[in-house]
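>>> Predicted coordinates and the sequence they were generated for:
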Amino acid sequence: MIKFEHTEVVGWEHAIRGMRNPMNSWEKSDSGWTRVSHEEAVDIYNDDSIEIIDECDRDEEGLSFYIIGKNDRDLMMQLRNAGTDHRKFMRMITVYVDITAPLYWWKEFDTYKVGTVANSCSTMHKIHAKEFALEDFSHEHLHGPGRCNLEDTIKLLNYYRDCYNGTVVDNRRDGQNGETVQKVFWWQIIQLLPSSYNQRRTVMLNYEVLANIYKSRQNHRLDEWCEHEEMVYKNYMDDVERESIEGQFSFCDWIESLPYSELITGPDLKATYSMKGVNNMSIEMDLKKVDEVEKVKMDTYAVTPRNKE
């Protein structure tokens, strides 16, 4: 189980401006803020070829959009394909998101230290604040004795939680090394807590970090990393609609939902995953072909990545 909430992508305007600094080509930039009426906004919302990056100044007369133009989009893809040395602008596109996921998944996510920041709900200070329930744990693959064992563990966790909070009296001596009885109960909770416990963290990443994660985890065995279910995720959804569909997909699927996600995934790779009726073996074969195509692109643009400006 993995859930994504409150996704926000920022920094496009600064990243695009910085992307054009090396060649002083600011005059070729065609991205920017556009003021439109509400009637024009509806047409823009319904145009799949236009991806709205940001919106502001909504009033009775209309609203403003930040839209990336074709020139900037083409240059971003050229630099993206030229490799990490040339696509430094991707490090300036910042993503904020709240992720709820099991501890066994967070252990793998924590291998990505550079370019990430996370604040988590504390298992040290607030683990006793709420009664444990089955939905607090990832258990979609548990059945039979495994599920029964988890349910028994939850009951035991709640017993020690009640003891810790003083709602149940458990007559026992103080713990070792001067530990209080309350500290003894706290240790029971901490050391009994299964790795399937779902923890929430607010995470900051950038597009370059996500590109590295996507490449490494796109075929991972954990469902939390990749299920590759087809999804519909539009920027024009309101907050209620957006949050109602968040959390139904894997980490790689969430990446594909981000604005201009082809900067992260690569256009050919994203197209491969949208194919229907292919088995895992054919997907792996397609991925090898995509890697070869991407290498040719990188070799082509590595010498003069801006030769098309």
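Okay, I see it. Numbers count the residues shown, from 1 in each chain.

>>> can you give me the strands in the stretch 51-200 of the chain?
52-56, 62-67, 94-102, 117-120, 198-206 (DSSP state E, counting those that start in this stretch).

>>> nearest to Lys155, of those strands?
strand 198-206 (18.0 Å; C-beta to C-beta). Backbone N, C-alpha and C define where each C-beta goes, glycine included.

>>> now that closest one: how far from the chain's centre is it?
Centroid displacement of strand 198-206 relative to its chain, using C-alpha atoms, centre = their mean, to the nearest Å, is 8 Å.

>>> other SSEs contacting that strand?
In this structure, strand 198-206 packs against strand 94-102, helix 103-109, strand 117-120, with contacts taken as 3 or more C-beta pairs under 8 Å, 6 or more residues apart in numbering; DSSP states H and E.

>>> and the angle from it to strand 94-102?
160 degrees (axes from the mean of the first three to the mean of the last three C-alpha atoms, to 10 degrees).

>>> Which SSE is immediately downstream of strand 198-206?
Per DSSP states H and E, the first helix or strand lying C-terminal to strand 198-206 is helix 207-217.

>>> export that following helix as PDB, just CAs?
Output of helix 207-217 as PDB, limited to C-alpha atoms (Å, rounded to 0.1, in the frame of the first residue of the first chain):
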ATOM      1  CA  TYR A 207      13.100  15.800 -11.200                       C
ATOM      2  CA  GLU A 208      16.700  14.600 -11.400                       C
ATOM      3  CA  VAL A 209      16.300  12.500  -8.300                       C
ATOM      4  CA  LEU A 210      13.000  11.100  -9.600                       C
ATOM      5  CA  ALA A 211      14.700  10.200 -12.900                       C
ATOM      6  CA  ASN A 212      17.300   8.200 -11.000                       C
ATOM      7  CA  ILE A 213      14.600   6.500  -8.900                       C
ATOM      8  CA  TYR A 214      12.400   5.700 -11.900                       C
ATOM      9  CA  LYS A 215      15.300   4.100 -13.800                       C
ATOM     10  CA  SER A 216      16.300   2.000 -10.700                       C
ATOM     11  CA  ARG A 217      12.800   0.900  -9.600                       C
END
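
>>> What lies in contact with it?
84, 87-88, 90-91, 93, 95, 112, 114-116, 225-226, 251-252, 255, 258, 263-265 (C-beta atoms under 8 Å, 6 or more residues apart in numbering).

>>> Which residue ranges make up the domains of this structure?
Per automatic domain parsing, the structural domains of the chain span 3-9+70-120+198-303, 143-192.

>>> And these, which one averages the lowest pLDDT?
Mean pLDDT is lowest for domain 3-9+70-120+198-303 out of the domains of the chain, coming in at a mean of 77.

>>> Okay, helices next: where are they in the chain?
12-19, 38-46, 70-82, 103-109, 145-165, 181-192, 207-217, 239-245, 251-256, 262-265, 267-273, 280-303 (DSSP state H).

>>> Could I have the buried ones of the contacts of helix 207-217 as PyMOL selection syntax?
Applying 16 or more other C-beta atoms under 10 Å to the contacts of helix 207-217, the buried members can be selected in PyMOL as follows:
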select buried, resi 87+90+91+93+95+112+225+226+251+252+255+258+263+264+265
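
>>> Mind putting the helices of the chain into JSON lines with distance to Glu60?
Formatted as JSON lines, these follow (distance: least, C-beta to C-beta, whole Å):
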{"stretch": "helix 12-19", "distance to Glu60": "26"}
{"stretch": "helix 38-46", "distance to Glu60": "9"}
{"stretch": "helix 70-82", "distance to Glu60": "31"}
{"stretch": "helix 103-109", "distance to Glu60": "44"}
{"stretch": "helix 145-165", "distance to Glu60": "53"}
{"stretch": "helix 181-192", "distance to Glu60": "54"}
{"stretch": "helix 207-217", "distance to Glu60": "36"}
{"stretch": "helix 239-245", "distance to Glu60": "21"}
{"stretch": "helix 251-256", "distance to Glu60": "35"}
{"stretch": "helix 262-265", "distance to Glu60": "36"}
{"stretch": "helix 267-273", "distance to Glu60": "39"}
{"stretch": "helix 280-303", "distance to Glu60": "47"}
